[in-house]
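**Student:** Mind looking at a prediction? Sequence and model below.
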Amino acid sequence: MSPARLKLVATELNFDTLSRADVPHGRKGKHNSLMTRIFQDLEKVGFDVALKIPASALGAQKIQNIRAALTREADKKGFSISTTVDDDYFYVWRKKR
């Protein structure tokens with residue numbers, strides 16, 4: 001047993017252990033970098049401005065997955081947002097609550 005392993009059980013375990021307090025509680029999904037960039041920009045612009053995001057910036061991700069990730073992040077940040085899409089761009093803007 002390695003010295004870092006907690007001695008909570010008497011039998012040998014297949015995996016290492018650690019205290020629950022040391023377990024990371026955040027999640028960085030595959031959309032994290034895109035969401036970070038979008039919300040950094042949304043925080044800087046007014047309510048009358050929409051972000052015009054090229055479809056190429058979305059990669060191979062489905063638009064519904066991007067929208068779902070945006071909605072989750074907007075809820076966390078207390079933002080109200082709207083989106084729309086055309087053939088070349090994905091648009092995101094803040095709405096007044």
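**Tutor:** Nice, I can see it. Residues are numbered from 1 along each chain as shown.

**Student:** Would you map the helices across this structure?
**Tutor:** Along the chain, counting by DSSP state H, helices occupy 32-44, 63-77.

**Student:** OK, contacts around the residue nearest in space to the middle of the chain?
**Tutor:** Centre of the chain computed as the mean C-alpha position; nearest residue by Cα atoms, centre = their mean is residue 32, 4.0 Å away. By Cβ atoms under 8 Å, 6 or more residues apart in numbering, the contact list for residue 32 is empty. C-beta here means a position set from N, CA and C on the backbone, and glycine is covered the same way.

**Student:** Same question for residue 22.
**Tutor:** If you count contacts by Cβ under 8 Å, 6+ apart, residue 22 has none.

**Student:** What of residue 81?
**Tutor:** The contact partners of residue 81, by Cβ under 8 Å, 6+ apart, come to 42, 70, 71, 74, 92, 93, 94, 95.

**Student:** same question, residue 76
**Tutor:** Contacts of residue 76 by Cβ under 8 Å, 6+ apart: none found.

**Student:** Just the strands from the chain, written as ranges.
**Tutor:** 50-54, 80-85, 89-95 (DSSP state E).

**Student:** chain center to the shortest one: distance?
**Tutor:** Which is strand 50-54. 18 Å (Cα atoms, centre = their mean, to the nearest Å).

**Student:** in its sheet, what does that strand sit against?
**Tutor:** strand 89-95 (antiparallel) (DSSP bridges).

**Student:** Check what contacts the partner strand and list those residues.
**Tutor:** Applying Cβ under 8 Å, 6+ apart, the contact partners of strand 89-95 are 38, 42, 45-47, 49-55, 57-58, 63, 66, 70, 79-85.

**Student:** What's the PyMOL syntax to select whichever of these are buried?
**Tutor:** To isolate the buried ones among the contacts of strand 89-95 in PyMOL, judged by 16 or more other Cβ atoms under 10 Å, type:
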select buried, resi 38+42+50+51+53+58+66+70+79+81+83
